[in-house]
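A.B. asks: Fold the stuff below for me.
(one chain, ligands or ions: 1)
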Amino acid sequence: MTMVYKCNNCGSAATPVTTQKGNMKLQIFLWFFFIIPGLFYSMWRETTKQAVCGVCGANEIKSKQVMSDYKPARPLPAGASGPNSSNNFSTTYSTRH
Ligand SMILES: [Zn+2]
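C.D. replies: Modelled structure (predicted):
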């Protein structure tokens, strides 16, 4: 299975990149001086994580699964289990009786 991404904004088949809102320097500052606000700020930034287009930065990436290598598994037709099928049958028959 292959994941194919398409940006609804620019139409490119771009690989999504993960971005976060907020400021890393402010996050470090808050961590350094105020441990608890820094923790909450980090948690808030985690919630804003999103996949955006690697070309235009729009967060309109849609993904869909493409079954590129998919081959349907065909069940064996009845009676095509090989020359041993009759053998197996007689064995089962004899053990039952
Ligand atoms: Zn785009």
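A.B. asks: can you give me the strands for the chain?
C.D. replies: With strands called from DSSP state E, the chain shows them at 2-7, 17-19, 50-52, 61-66.
A.B. asks: Now do the last one, average pLDDT.
C.D. replies: Think strand 61-66. The average pLDDT for strand 61-66 rounds to 73.
A.B. asks: Report all helices and strands that it contacts.
C.D. replies: Secondary-structure packing of strand 61-66 (3 or more Cβ pairs under 8 Å, 6 or more residues apart in numbering; DSSP states H and E): strand 2-7. Every residue, glycine included, has its C-beta placed from N, CA and C.
A.B. asks: The strand it packs on and the ion, are they touching?
C.D. replies: Yes: counting by Cβ under 5 Å from the ion, the ion is contacted by strand 2-7 at Cys7.
A.B. asks: what helices or strands is that strand leaning on?
C.D. replies: On a contact count with 3+ Cβ pairs under 8 Å, 6+ apart, strand 2-7 meets strand 61-66.
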